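Trainee: sequence and predicted structure are below.
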Amino acid sequence: MSNKSERERQKQIQEKCQTILAQLLREEDNKYCVDCDAKGPRWASWNLGVFLCIRCAGIHRNLGVHITKVKSVNLDTWTPEQIGILQEMGNSRARAVYEANLPDNFRRPQTDSSLEAFIRAKYEHKRYIAKEWVPPSMPKPAFNIEEKKKKRTKPKGLGNIEIP
């Protein structure tokens, strides 16, 4: 029985994660790859909190998991903590952090080799990072399935009284 209930719980978590990911991808800055501006990113570096196109996702994977942890938006499973990082950062804030010191005349690279060099400079060498930025210590999960269950099992007749 607990095996079935655990599978159901995991299914609920994944459905909620997919819903939030879809909402995040509808935000204007997340509609484009954070690194090359390609339209319709379907990948994410969850530890950096950014959305990527497939080409940039491949480059990120080459950097190693000590720098960036890449997942498919649709094909992989997600945790509430990973979604929380994406909610907290997103492409707009990530650009403000990781591209704070880009030269004024900077143009995004288009060739594979120049794009990889830019991505390495940006995340591996932190060449353009905002000096004052401090990464958050422990991100909050995007949601908690248990909280949702508590609300469902609230006894009738208590109105708006919250149950601790």
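Mentor: Looks like it came in fine. Numbers count the residues shown, from 1 in each chain.

Trainee: buried ones in the longest helix seen in the chain?
Mentor: As assigned by DSSP state H, the longest helix anywhere in the chain is helix 2-26. Neighbour counts over helix 2-26 (16 or more other C-beta atoms under 10 Å) mark Ile13, Lys16, Cys17, Ile20, Leu21, Leu24, Leu25 as buried. Just so you know, the C-beta spots here come from the backbone N, C-alpha and C atoms, and that holds for glycine as well.

Trainee: now do the contacts for Asp112.
Mentor: Contacts for Asp112 (C-beta atoms under 8 Å, 6 or more residues apart in numbering) come out as Arg55, Ile59.

Trainee: mind telling me what element the most centrally placed residue in the chain is part of?
Mentor: Nearest residue to the geometric centre of the chain (C-alpha atoms, centre = their mean): Leu86, 2.7 Å. Per DSSP states H and E: Leu86 is located in helix 80-88.

Trainee: tell me the helix or strand right after that helix.
Mentor: Immediately after helix 80-88, counting by DSSP H and E, sits helix 90-98.

Trainee: what's the angle between that next one and helix 2-26?
Mentor: Relative orientation of helix 90-98 and helix 2-26, computed by axes from the mean of the first three to the mean of the last three C-alpha atoms, to 10 degrees: 70 degrees.

Trainee: model confidence for the residue nearest to Glu27 when sequence neighbours are not counted, exactly?
Mentor: Using C-beta to C-beta, 6 or more residues apart in numbering and skipping residues adjacent in sequence, the residue nearest Glu27 is Gly90, 6.6 Å away. Listed pLDDT for Gly90 reads 96.

Trainee: isn't Gly90 right next to Val50, touching?
Mentor: Yes: with contact defined as C-beta atoms under 8 Å, Gly90 reaches Val50; the gap is 7.5 Å.

Trainee: compare those two (neighbour count), which wins?
Mentor: Counted by other C-beta atoms under 10 Å, Gly90 and Val50 do not tie: Val50 has more neighbours, with 31 against 18.

Trainee: quick one, phi psi at that one?
Mentor: When read as degrees, to the nearest 10, the backbone of Val50 gives phi -130, psi 160.

Trainee: state the distance from it to Glu8.
Mentor: 31 Å (C-beta to C-beta, to the nearest Å).

Trainee: again, but for Thr19
Mentor: 17 Å.

Trainee: how about Ala100?
Mentor: 44 Å.

Trainee: now Arg120
Mentor: Noted for Arg120: a distance of 43 Å to Glu8, by C-beta to C-beta.

Trainee: can you list the low-confidence ranges for the chain?
Mentor: For the chain, the stretches with pLDDT under 70 are 1-2, 136-139, 145-164.

Trainee: many thanks, have a good one.
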